[in-house]
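**Q** From the sequence below, what's the structure:
(4 chains)
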There are 2 protein chains.
Amino acid sequence: MNLNDYGYFQKLSEMKSFSETAHHFNVSQPTITYALKRLETEYDTKLVERKSYANSLSLTYAGEQLLKHVNKILHEDSLVKADLNRIKKKKIKMGLPPIITNYLVPKVFDNLKKFDYLNRIVPVVDGSKELLTKLKNGDIDLSLLGSTSLPEDPELEYKVLDIHQFKIIASSNRKFKNNLKLSDLIDEDFIILDEKSVHQQVFNDFIDKYNVSPNIIFQTSDYKLLLKLVQENKGISFITETAIRDTSGIQELKFDNLDLPPFYIMMIYRKNTVKSSIFQKLISIFENV
Amino acid sequence: MNLNDYGYFQKLSEMKSFSETAHHFNVSQPTITYALKRLETEYDTKLVERKSYANSLSLTYAGEQLLKHVNKILHEDSLVKADLNRIKKKKIKMGLPPIITNYLVPKVFDNLKKFDYLNRIVPVVDGSKELLTKLKNGDIDLSLLGSTSLPEDPELEYKVLDIHQFKIIASSNRKFKNNLKLSDLIDEDFIILDEKSVHQQVFNDFIDKYNVSPNIIFQTSDYKLLLKLVQENKGISFITETAIRDTSGIQELKFDNLDLPPFYIMMIYRKNTVKSSIFQKLISIFENV
DNA sequence: TATAATTGATAAAAAATATTTATAGGTGAG
DNA sequence: CTCACCTATAAATATTTTTTATCAATTATA
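**A** Take a look at the predicted model:
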């Protein structure tokens, strides 16, 4: 059994057209016909229902079942090349979400340098959500990650490096009374991180939970810009403390009984990954922050 | 890329010998050599370390990594045939652990008959542990299952049909005082189910927890035999209430504060399974007990 | 309604890939 | 040193996949 046949079948079930599928793979149309025929012979079952004519063929029940397995098989197979390529290059492709990276990397920099890992790491800077997808696709080997919940994906494994809190912050120039309540912020302008970050979702949940409707005047994916705007008192914000450690010109607003989810700072990787000594050492360097 | 090459590679890494692997697949020895060569060329990496001589070749780091993926791929592929075969036959292979089956099937029998499902079900009678393995291997489509914990396997899905308790039971002929304590049973002979059932593990945990060492005189995998022996006062036992519903000649011993795990009675199947209408109906019949 | 255009199936030929046969070379045990 | 055993390689063969060429069926459209 050839994996190509699975690939043809997968695409065929998506495109619902033999000739288009053939075109997609740059092969002739009978190639697809014969590939399907091979599968149907191999399993001795009809897999696709050739409809009267229109460009709408459909999978049989057995075809649907096969497709599920094929998806898994081809996905796994696509991970192989990505994995082996990086092993060959002795490089580790590492996902780096900006906020966490700025907080953590200075702490481990000397160690990374000492063990000559700085040039072993191929950095991939992106938001936590995108990095998670890339990790699962095998585009990166491991990633730093910030999240309000611990990943439950059975393919992934992680180490929690730190647990931070979300904070409401404002310019140090502002004065706020003690025992602040959320309702005191009703006239404030909010500047928050946009949908690339987990912050937006947390903020929305927060809004729902406390039934408030803050005035969001600007969203950005650049947290440095956000902090600068807050420093200059263009608005107040909602962000993990990770981002404001060692940042001057910013104060944290204290509330009683504010219930916010924790912000887990993790190192995450696929369970499947064979842990080379480099890989393990790298993780341990980050663990021992 | 041919799946055969993956199969050869998998076996080679297990057998650590080219010629034995060839023999295992009934092909000539160069077939294996060339298969490996194809893989090494495809991925442009050395995959196995040909040792000086002895029957001990070893995988390189890249080879180990490949093997992990290959295992997954071949396992998934082996599920395909099993799945499609049963679909073809329009039969549903169902795992039936005896205790649960005897309890449940009488309750659904008329319904199964009414919808003509009795001859659609291919019964596979075995212990819960074995059935779980068979389910994962695709040997059966779904299974009744008794367990003290809910399965966390990401490939499996289940519906809890009932939650029962474990009981300590004795012949009705016996008289026990009220407010029994475990220490009162110190001179009793125990007859319990053997390692094929979850009972043994639960019983061991129980022993550890309460730091008692009961006198086990006989173990069996046949719960009907066990019940008979208890009825005839050959010993007392430890078993889920599922087994003793509607059984005469047996009493349940009551203890204060005995903390035992629940016994979940479930219907379990692979997430991957495409749920045919027969499949769904079957589940719903059992769900509506 | 006739005609053109598009789609999938099939047969036969060609191309690509996998396997075998035959053999060579290396290694360790005795 | 020789034998037994293992893996690698070349060349021949077998098998599998793909292409080319063509047909029949169906839809769009003139």
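
**Q** Quick one: residues contacting the residue in chain A that chain B sits nearest to.
**A** Here chain A gets closest to chain B at one residue, A:P154, 3.5 Å apart by CB to the nearest CB. C-beta here means a position set from N, CA and C on the backbone, and glycine is covered the same way. By CB atoms under 8 Å, 6 or more residues apart in numbering or on different chains, the residues touching A:P154 are A:K271, B:P154.

**Q** repeat for the one 4 residues further on
**A** When contacts are counted by CB under 8 Å, 6+ apart, A:Y158 touches A:L145, A:L150, A:P151, A:M266, A:M267, A:I268, A:Y269.

**Q** Of those residues, which count as buried by neighbour count?
**A** A:L145, A:P151, A:M266, A:M267, A:I268, A:Y269 (16 or more other CB atoms under 10 Å in any protein chain shown).

**Q** List the beta-bridge partners for the first one.
**A** Following DSSP bridges, A:L145 is listed with bridge partners A:M266.

**Q** That one and A:Y8: what is the separation?
**A** 36 Å (CB to CB, to the nearest Å).

**Q** now do the third one
**A** Distance of A:M266 to A:Y8, computed by CB to CB: 39 Å.

**Q** next one: the fifth one
**A** Counting by CB to CB, the separation of A:I268 from A:Y8 is 34 Å.

**Q** cool, the second one as well?
**A** Computed with CB to CB, the distance linking A:P151 and A:Y8 is 34 Å.

**Q** circling back: now render the contacts of A:Y158 as CSV, adding distance to B:T33.
**A** As requested, the contacts of A:Y158 are exported to CSV (distance: CB to CB, whole Å):
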residue, distance to B:T33
A:L145, 43
A:L150, 46
A:P151, 42
A:M266, 44
A:M267, 41
A:I268, 39
A:Y269, 34
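
**Q** check the residues you listed against DNA strand D, which are close?
**A** Among the contacts of A:Y158, no residue lies close to DNA strand D (CB under 7 Å from any atom of the strand).

**Q** mind giving me a markdown table with those residues and columns for pLDDT and distance to A:P214?
**A** Rendered in a markdown table, the data for the contacts of A:Y158 read as follows (pLDDT from 0 to 100; distance: CB to CB, whole Å):
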| residue | pLDDT | distance to A:P214 |
| --- | --- | --- |
| A:L145 | 96 | 27 |
| A:L150 | 94 | 28 |
| A:P151 | 93 | 29 |
| A:M266 | 96 | 29 |
| A:M267 | 97 | 33 |
| A:I268 | 97 | 31 |
| A:Y269 | 96 | 37 |
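
**Q** Run through the residues that contact the nearest residue to A:K134 once chain neighbours are set aside.
**A** In space, and not counting its chain neighbours, A:K134 is closest to A:I140: 4.8 Å by CB to CB, 6 or more residues apart in numbering or on different chains. Counting by CB under 8 Å, 6+ apart, A:I140 makes contact with A:K93, A:M94, A:G95, A:V124, A:L131, A:K134.

**Q** Show me which of those residues are buried.
**A** The buried subset of the contacts of A:I140 (16+ other CB under 10 Å) comprises A:K93, A:M94, A:G95, A:V124, A:L131, A:K134.

**Q** Take the residues you listed and keep only those in helices.
**A** A:L131, A:K134 (DSSP state H).

**Q** Out of the buried ones among the contacts of A:I140, flag the one nearest to A:V274.
**A** Among these, A:K93 lies closest to A:V274 (CB to CB), at 15.0 Å.

**Q** Any buried residues in stretch A:149-167, and which?
**A** Those buried within stretch A:149-167 under the rule 16+ other CB under 10 Å are A:P151, A:L156, A:E157, A:Y158, A:L161, A:H164, A:F166, A:K167.

**Q** out of these, which are inside strands?
**A** The strands, defined by DSSP state E, take in A:L156, A:E157, A:Y158, A:L161, A:H164, A:F166, A:K167 from these.

**Q** Burial check on A:F203, number of neighbours?
**A** By the criterion of other CB atoms under 10 Å in any protein chain shown, A:F203 has 22 neighbours.

**Q** any idea how far it is from A:T220?
**A** For A:F203 relative to A:T220 (CB to CB), the value is 13 Å.

**Q** Can you tell me which residues in chain A are near chain B?
**A** A:1-4, A:43-45, A:61-62, A:64-66, A:68-69, A:72-73, A:76-77, A:79-81, A:83-84, A:87-88, A:154, A:272-274, A:276 (CB under 8 Å from any CB of the partner chain).

**Q** Around DNA strand D, pick out the residues from chain A.
**A** Counting by CB under 7 Å from any atom of the strand, the residues of chain A near DNA strand D are A:1-2, A:4-5, A:22, A:26-31, A:34-35, A:38, A:52-54.

**Q** What are the buried residues along stretch A:192-208?
**A** For stretch A:192-208, burial by neighbour count (16+ other CB under 10 Å) applies to A:I192, A:L193, A:K196, A:S197, A:V198, A:H199, A:Q200, A:V202, A:F203, A:F206, A:I207.

**Q** so how far is the first residue of it from its last?
**A** 16 Å (CA to CA, to the nearest Å).

**Q** can you pull out the helices in the stretch 1-150 of chain A?
**A** A:3-15, A:18-25, A:29-43, A:61-89, A:98-114, A:128-137 (DSSP state H, counting those that start in this stretch).

**Q** how about JSON lines for the ones you listed, with distance to DNA strand C and mean pLDDT added?
**A** Output for the helices of the stretch 1-150 of chain A, formatted as JSON lines (distance: least, CB to the nearest atom of the strand, whole Å; pLDDT from 0 to 100):
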{"stretch": "helix A:3-15", "distance to DNA strand C": "8", "mean pLDDT": "96"}
{"stretch": "helix A:18-25", "distance to DNA strand C": "3", "mean pLDDT": "95"}
{"stretch": "helix A:29-43", "distance to DNA strand C": "3", "mean pLDDT": "96"}
{"stretch": "helix A:61-89", "distance to DNA strand C": "13", "mean pLDDT": "92"}
{"stretch": "helix A:98-114", "distance to DNA strand C": "40", "mean pLDDT": "92"}
{"stretch": "helix A:128-137", "distance to DNA strand C": "26", "mean pLDDT": "91"}
